[in-house]
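S.K.: Give me coordinates for this.
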Amino acid sequence: FPKGSQAFVIDVLTDKLYAELSAKKAGDVTLDQTIASALQDEKETVGIRVANESVVNEFEPLFSALFEKHFNWKPEKYTESKIDNTPFATAVADTESKVVSKITQHRFANLSATGFGVFNSDNLEEKSKIISEALESLAEGSKGKFYPLEGISAEDKEKLTKLSALPAAFSEQEVKIGYGSDWPKGRGVFVSNNEQVIVYVNRCDAIEITSNIEGGDLSKSTDCVEQVWSHLKSKLSLAIHDKFGNLTTHVSNFGTGFKVDAVVKSGQDLSKIEGHEKFTITAQGAENCYLISLTNTVGLSEQDILDTTNTFLIKIVAASTTNTSAAVSE
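M.R.: Predicted coordinates:
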């Protein structure tokens, strides 16, 4: 491994475990290919990329050790949970202040019995066809248009760019560790007619559903994503492990394959707000503008992720509006 690397996989891949697993193959994928990101990039955090379901089955001891040590997760059997989408308080608390300018939800998933999006170019076009056909049969409120990226027109490219929905090709470093060098073959983007849901096909995972709604309405964001997610689950055979749940290229999305992030504008020091230690807080371009997201979602249910995020957003809104009111009063 590179000198100075602190990738999580280094702590758990002992000489004994390496000797045991390096003798195996997951289809055509070796252990060294699975940990290539840690071998080639000293800045890598986790150090594993998953190419297919067989990788998880063949190298399961590595995944189990990684999750237990670095994510405090020791799963025995994955059980899909349901979301109680009773209106969250974020939107109510933030009606006037607009501290929360956008909440984005993500669902990551892959098709079963096929390679995952970034590593397998031989069946990308077939997977794209299967997924786009499933998207075409969405209910009226979620219907939209699928845009294949290969040969995309200038007009459609401009539309996706305006929506911030045009994915970039993989970087040179990503290609080095095995990501497809044949971009944009087999890739595409689905946009709902109301532009509230965007689905990336074969970008990193085979499926990435993303909400695209301005404002702090967490319930509305949840509704939009769940309608599409429920439909695709009913139409497609997804890669779901009996122990680790939804399988994704990045192991930090294992389990639910669900993420929530929010853009907030606040003059407060967010690191002083109770609960901040659970979140990654990243400054954005605009002044006092931050992107917040739960640092670790592995082992959490969708409801846990939503409730924890909602609670923290309410505290940010309360702190920000209280400060603003005090300043106006003075």
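S.K.: Who are the packing partners of the lengthiest helix in the chain?
M.R.: The residue-count maximum for a helix in the chain (DSSP state H) belongs to helix 302-329. Using 3 or more C-beta pairs under 8 Å, 6 or more residues apart in numbering; DSSP states H and E as the contact test, the elements touching helix 302-329 are helix 89-93, strand 100-109, helix 218-235, strand 258-265, strand 289-294. All C-beta atoms are positioned from the backbone trio N, CA, C, and that covers glycine.
S.K.: Residue 53: which of the ones you listed is closest?
M.R.: With C-beta to C-beta as the criterion, residue 53 lies closest to strand 100-109 of those, at 12.2 Å.
S.K.: Tell me how far the next helix or strand after the closest one lies from the chain's centre.
M.R.: Remark: after strand 100-109, the chain's next helix or strand is helix 124-136, criterion DSSP states H and E. Remark: helix 124-136 is offset 20 Å from the chain centroid, using C-alpha atoms, centre = their mean, to the nearest Å.
S.K.: Then stretch 78-85?
M.R.: On C-alpha atoms, centre = their mean, the centre of stretch 78-85 falls 17 Å from that of its chain.
S.K.: ditto for stretch 304-316
M.R.: Remark: stretch 304-316 is offset 18 Å from the chain centroid, using C-alpha atoms, centre = their mean.
S.K.: can you pull the buried residues of it?
M.R.: Neighbour-count burial for stretch 304-316 flags 305-306, 308-310, 312-316 (criterion: 16 or more other C-beta atoms under 10 Å).
S.K.: again, but for stretch 179-191
M.R.: The neighbour-count check on stretch 179-191 (16+ other C-beta under 10 Å) flags 179-180, 183-184, 186-191 as buried.
S.K.: Same check on stretch 51-62?
M.R.: 51-56, 58-59, 62.
S.K.: about what we covered before: of the buried residues of stretch 179-191, just say which sits nearest to residue 21.
M.R.: Checking the buried residues of stretch 179-191 against residue 21 by C-beta to C-beta gives residue 179 as the nearest, at 22.2 Å.
S.K.: re earlier: can you redo the helices and strands packed on helix 302-329 as TSV with mean neighbour count and mean pLDDT?
M.R.: Formatted as TSV, the helices and strands packed on helix 302-329 follow (neighbours: other C-beta atoms under 10 Å; pLDDT from 0 to 100):
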stretch	mean neighbour count	mean pLDDT
helix 89-93	19	74
strand 100-109	22	95
helix 218-235	19	94
strand 258-265	21	96
strand 289-294	18	97
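S.K.: Show the backbone phi and psi for residue 25.
M.R.: Phi and psi for residue 25, reported as degrees, to the nearest 10, are phi -140, psi 140.
S.K.: contacting residues for the residue lying closest to it once chain neighbours are set aside?
M.R.: Nearest residue to residue 25, sequence neighbours excluded (C-beta to C-beta, 6 or more residues apart in numbering): residue 58, at 7.1 Å. Contact analysis of residue 58 by C-beta atoms under 8 Å, 6 or more residues apart in numbering lists 21, 24-26.
S.K.: I'd like the buried residues of stretch 51-62 laid out as CSV, including pLDDT.
M.R.: Conversion of the buried residues of stretch 51-62 to CSV gives the following (pLDDT from 0 to 100):
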residue, pLDDT
51, 90
52, 90
53, 93
54, 93
55, 95
56, 96
58, 96
59, 97
62, 97
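S.K.: Show me those residues that map onto helices.
M.R.: 53-56, 58, 62.
S.K.: from these, which is closest to residue 225?
M.R.: Of all these, residue 225 sits closest to residue 53, with 23.9 Å by C-beta to C-beta.
S.K.: Isn't that closest one up against residue 241?
M.R.: Yes. Between residue 53 and residue 241 there is a contact at 7.3 Å, judged by C-beta atoms under 8 Å.
S.K.: where in the stretch 101-250 of the chain is pLDDT low?
M.R.: Scanning the stretch 101-250 of the chain for pLDDT under 70 picks out 117, 120-121.
S.K.: ok, now with 80
M.R.: 117-122, 178, 181 (pLDDT under 80).
S.K.: Excluding chain neighbours, what is closest to residue 143?
M.R.: For residue 143, ignoring the flanking residues on the chain, the nearest one in space by C-beta to C-beta, 6+ apart is residue 193 at 5.6 Å.
S.K.: Now do the one you found against residue 147, distance only.
M.R.: 13 Å (C-beta to C-beta, to the nearest Å).
S.K.: do the same with residue 53
M.R.: Separation of residue 53 from residue 147 (C-beta to C-beta): 28 Å.
S.K.: before we move on, what about residue 170?
M.R.: In this view, residue 170 and residue 147 are 19 Å apart by C-beta to C-beta.
S.K.: now residue 48
M.R.: As for residue 48, its distance to residue 147 is 31 Å (criterion: C-beta to C-beta).
S.K.: who's more crowded, these two?
M.R.: residue 48 (24 against 20; other C-beta atoms under 10 Å).
S.K.: Dihedrals phi and psi, the more buried one?
M.R.: Torsion angles, degrees, to the nearest 10, at residue 48: phi -130, psi 140.
S.K.: So that it lines up with my notes, have the first residue be 271 from now on.
M.R.: Taking 271 as the first residue, the last one we looked at is residue 318.
S.K.: Many thanks, I have nothing further to ask.
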